[in-house]
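K.L.:
fold the following, please.
(2 chains)
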Amino acid sequence: MTTTPQAVRRASPRTRRTVTPPDPARSLLPDAEPVRLLAENGTPLPARADYPEPPAEVLRELYRRMVLGRRFDTQATALTKQGRLAVYPSSRGQEACQVGAVLAVRDTDWVFPTYRESMALVARGIDPVEVLTLLRGDWHCGYDPTQVHTAPQCTPLATQCVHAAGLAHGEAYQGRDTVALAFIGDGATSEGDFHEGINFAAVFKAPVVFFVQNNKYAISVPLSRQTAAPSLAYKGVGYGVPSEQVDGNDPVAVLAVLTRAVAHARAGKGPFLVEAHTYRMEPHTNADDASRYRDGAEVDAWRDRDPVARLETYLRARGVLDDAAVAEIGEQAEACAADLRTRMNEQPVVDPLSLFDHVYAEPTPQLIEQREQVRAELAAAHAEEGDA
Amino acid sequence: MATTMAKALNTALADALAADDRVVVFGEDVGALGGVFRITDGLQARFGENRCFDTPLAEAGIVGFAVGMAMSGLRPVVEMQFDAFAYPAFEQIASHVAKLRNRTRGALSVPIVIRVPYAGGIGGVEHHCDSSEAYYAHTPGLKVVTPATVDDAYSLLREAIEDPDPVVFMEPKKLYFASAEASLPTRNEPFGRAVVRRPGRDATLVAYGPAVPVALEAAEAAREEGWDLEVVDVRTIVPFDDETITASVRRTGRCVVIQEAPGFAGVGAEIAARVQERCFHALHAPVLRVAGLDIPYPAPMLEHTHLPGVDRVLDAVARLQWDDQPDARWAAA
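P.N.:
Modelled structure (predicted):
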C-alpha cells in the first residue's frame, strides 16, 4: 500500500520503531479506496504527493478532448440510428478514462484498445472516420497501426493484453523506451489472456500499463459474477505487479494515476495495473436493452458523477476555463461532429476484389483462382445490369 | 553426412539466429534444457538468453507474446511443446496471427513461426499424439508446412522463418530421430511445391509428414504385387500445390491420399476432392483415402491399429478397380 502522509501521522512512535521485515506484497497493493483528487461536485480534495496534479494547461486540454470525445460518441450513436454504422459500443460516462489514459502516453508509445475505445482513439488524434471503419463495415481496422502506434481495436476479449506484453518486451529488447498501454474492461479480466498478459509482462519486466475500466457490467453481467476479489486492482499482487485503483469519473485523478503508472513502466520497473471505477451510461451497444438488467435509479446516481461536468466545475473555479472558452470548445465539438456526419454520409466505395489482397503477402494459387472467379461473377452481373 | 531431423531443425534454428538479429526463439523448456525433443539444444548457450528463452507455461501467452514482438519488428519462432498443448493458443492463432495482415490491409504482418511437434507413433500417452494440421489448414491467413525428410526439415524451417506470413510448422515426432544422409545447409523447392519422392506409373500415393515414409514403404512393397506406385510429398499443405499432384494423377489415373489424422473432414479429404475435380476424366477409379480412424487418439498399446500402415495402404491400392469392376466395399449400399 502506498503510505500516505496521513497514515504516517496516525502511526504511533512505538509502531514506527518496531522492526518488522518488509512484506513484499504490501508495496504492490492498491490504496484501500480509489484515488480521488476532485470531489463529485468538482471541488478539489487534499493534494497527494504520490499523485501530483497535472499542470493546468494539460487539464484544459483534457477537458477539451473530453468534450470533443463525448460529442463524437453521441454522433456515433446517432449514426447507428441512421444506418450508417452497423453497431456502436458507446463509452459515454467513461470520458475521463478514455481521454485521460491516452493523454498519459506519448505518440510513440503503443496503445492496445478494445472495441469500446473509439473515443480514446479519437482523443489520440486518429481520424474519426478511420476509427469508425470497423463499425461502418467497409473494412476491419481503418487506420494504419504502424503510423499511429495503435493496435486494431480488439474484439476477442483480453487477447490484446498479451500483445501489449510482447510489443513492450520487443521494444525494450531493441533499445527503445516505448510503453504499451493495454485497455481492458471488467468482464475481460475473467479471461485467461488477461492473466497471461499481466504474468508475461511481469516475468519479463515489460513496460506495460494495464488499464481496467471497471464500468460495472459485461453486457448484462455484473462485476459480482466476474470476481470475488476486493477490487480488480488487487489482481496485481498475485503477479508481483504494483497496482492502484482510481475514481474513473475523476479526470484529474485518472490522468495523475496513469501518468505515474506510465512513468513507472518507462523507468524499467515493469508493468503497472490500474483499475478505474466508472460506469457505462449507455447500453452495451445500441443493440442492447440495459433496462433488462439495471434500473434507472442506478443510472441516475451515476449521472450526478458526470466526469465532464466535474472537470468543468473545477477548471472554472480555478480560472482555467471561462464561459468564452467553454463555448469555444463546444463549437469545436459541434464542428467535428458536423464534419464526421458529412463524411460518414458519403457511401464508402468497397472493392470485392480487394478481398484477396491481404490474406497473405502474396496470394496463393488458390486465391488467384477464386479472385478470377469473383471477377467473372462481377463482370457477368455488370453485363446483366447493362442488359436490363 | 548422416543426420537426424531433430539435428537438422536445430541447425536451421541456429543458422537463422546467426543470419538475422531479429529472430528470437522461445517457449517452454527451450532454454537450458534445449526443448523436450532437444530441437533448441545449445541455442541459449550460443546466442544468449535474449535470443533463446523460456517463458511462463502458457501457450496462448507464448503465441500472443510473439504477436506483440512481431509488431515491434522481430521474427519470433515459438515452440508448442506438443500438438494437443497448442490448443490453448488457438484463439490467438485463429483470431490474431491469421488475421492481422488482413484486418489492417497489410499494414501489420505477423512473420512468426509456430513449431508444433505432432502426430503419433511414439508410444505417447494421451494428449501427446494429435494430428492437428486440419485446424490450422482450415484457417485462412496461416501457412501450414510439414517436412517428411531430414534435409527438407532444414530447408522448410529456414524458409518459414524468412516468410513474411505466419507459418504453423508441424514436425512429425516419429521422424525426429530417423537418420538420413543430408548435406546442410540446403535449400530445396520453395513453399507451394510438392515433390515426387518416388516416380511410378500405375497409381499416385499423396502423403505428407509422417505418412510419407509409410507411402514409400507401401510403394516398395507394392512392387512385389506388380504395381509401380508414384509417391508425392505435399510438404506445404498451405500453400497447396495442385499442379504437381494433378500432373501426377493425370499420368497414373489412380490416386490414394494418406494421412495419419482422423479422415473425416481432414486435409486428405480436401486433397481427394481437389484431385477428383481436376482429374475426373483421367481417373480409372475413385480417389481413395487412407487415414487414422475417427477416434480420439488411442492409448499407446492400441495406436498401431489406428495408424495407417503399409497394409492399409496396399488394401486401398488393391481397391483401385484394376479389373474395372466397382468397389465391392460400396456395392452393398
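
K.L.:
CA atoms only: put stretch B:290-297 into CSV for me.
P.N.:
The C-alpha trace of stretch B:290-297 is given here as CSV (Å, rounded to 0.1, in the frame of the first residue of the first chain):
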residue,chain,number,x,y,z
VAL,B,290,-6.3,-43.9,-46.0
ALA,B,291,-6.4,-42.2,-42.7
GLY,B,292,-6.4,-42.6,-39.0
LEU,B,293,-9.7,-43.8,-37.5
ASP,B,294,-12.3,-41.3,-36.5
ILE,B,295,-11.5,-41.8,-32.8
PRO,B,296,-9.7,-39.8,-30.1
TYR,B,297,-6.0,-40.7,-30.4
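
K.L.:
run a quick neighbour tally on residue 123.
P.N.:
All of this is about chain A. Counted by other CB atoms under 10 Å in any protein chain shown, the residues lying close to A:Ala123 total 24. (Each C-beta comes from the backbone N, C-alpha and C, glycine too.)

K.L.:
wait, chain B
P.N.:
Per other CB under 10 Å, the neighbour tally for B:Gly123 reads 13.

K.L.:
helix or strand for the residue in chain A positioned nearest to chain B, which one?
P.N.:
In chain A, the residue that lies nearest chain B is A:Gly166 (2.3 Å; CB to the nearest CB). Using DSSP states H and E, A:Gly166 falls within helix A:159-173.

K.L.:
so the very next helix or strand once past that helix versus helix A:159-173, what angle?
P.N.:
The helix or strand immediately downstream of helix A:159-173 is strand A:180-185, counting by DSSP H and E. With axes from the mean of the first three to the mean of the last three CA atoms, to 10 degrees defining the directions, strand A:180-185 sits at 170 degrees from helix A:159-173.

K.L.:
returning to what we had before: so for the residue of chain A closest to chain B, what's the nearest residue that isn't a sequence neighbour?
P.N.:
B:Gly68 (2.3 Å; CB to CB, 6 or more residues apart in numbering or on different chains).

K.L.:
I'd say B:Gly209 and B:Glu260 touch.
P.N.:
Yes. At 7.2 Å, B:Gly209 and B:Glu260 qualify as touching, with contact defined as CB atoms under 8 Å.

K.L.:
mind listing the shared neighbours of those two?
P.N.:
B:Ala119 (CB atoms under 8 Å, 6 or more residues apart in numbering or on different chains).

K.L.:
who's in contact with the residue of chain A closest to chain B?
P.N.:
Taking CB under 8 Å, 6+ apart as the criterion, A:Gly166 is in contact with A:200, A:206, B:64-72, B:76.

K.L.:
chain B contacts on the stretch 151-300 of chain A?
P.N.:
When proximity is defined as CB under 8 Å from any CB of the partner chain, the stretch 151-300 of chain A approaches chain B at A:151-152, A:156, A:159, A:161-171, A:173-174, A:178, A:180, A:192-193, A:196-197, A:199-200, A:203.

K.L.:
burial measure for B:Gln44, as a count.
P.N.:
21.

K.L.:
just the element for it, please.
P.N.:
Secondary structure (DSSP H and E) places B:Gln44 in helix B:43-47.

K.L.:
so how far is that helix from its chain's centroid?
P.N.:
Here helix B:43-47 is found 27 Å from its chain centre; the criterion is CA atoms, centre = their mean, to the nearest Å.

K.L.:
do stretch B:205-225 as well
P.N.:
Chain-centre distance of stretch B:205-225: 16 Å, with CA atoms, centre = their mean.

K.L.:
my guess is A:Thr278 meets A:Gln94, correct?
P.N.:
Yes. Using CB under 8 Å, A:Thr278 is in contact with A:Gln94, at 5.0 Å.

K.L.:
which helices and strands does the following helix or strand past the helix holding B:Gln44 pack with?
P.N.:
On the C-terminal side of helix B:43-47, the closest following helix or strand by DSSP H and E is strand B:52-54. Under the contact criterion of 3 or more CB pairs under 8 Å, 6 or more residues apart in numbering or on different chains; DSSP states H and E, strand B:52-54 touches strand B:23-27, helix B:43-47.

K.L.:
list the buried residues of strand B:52-54.
P.N.:
When neighbours are counted by 16 or more other CB atoms under 10 Å in any protein chain shown, the buried residues of strand B:52-54 are found to be B:52-54.
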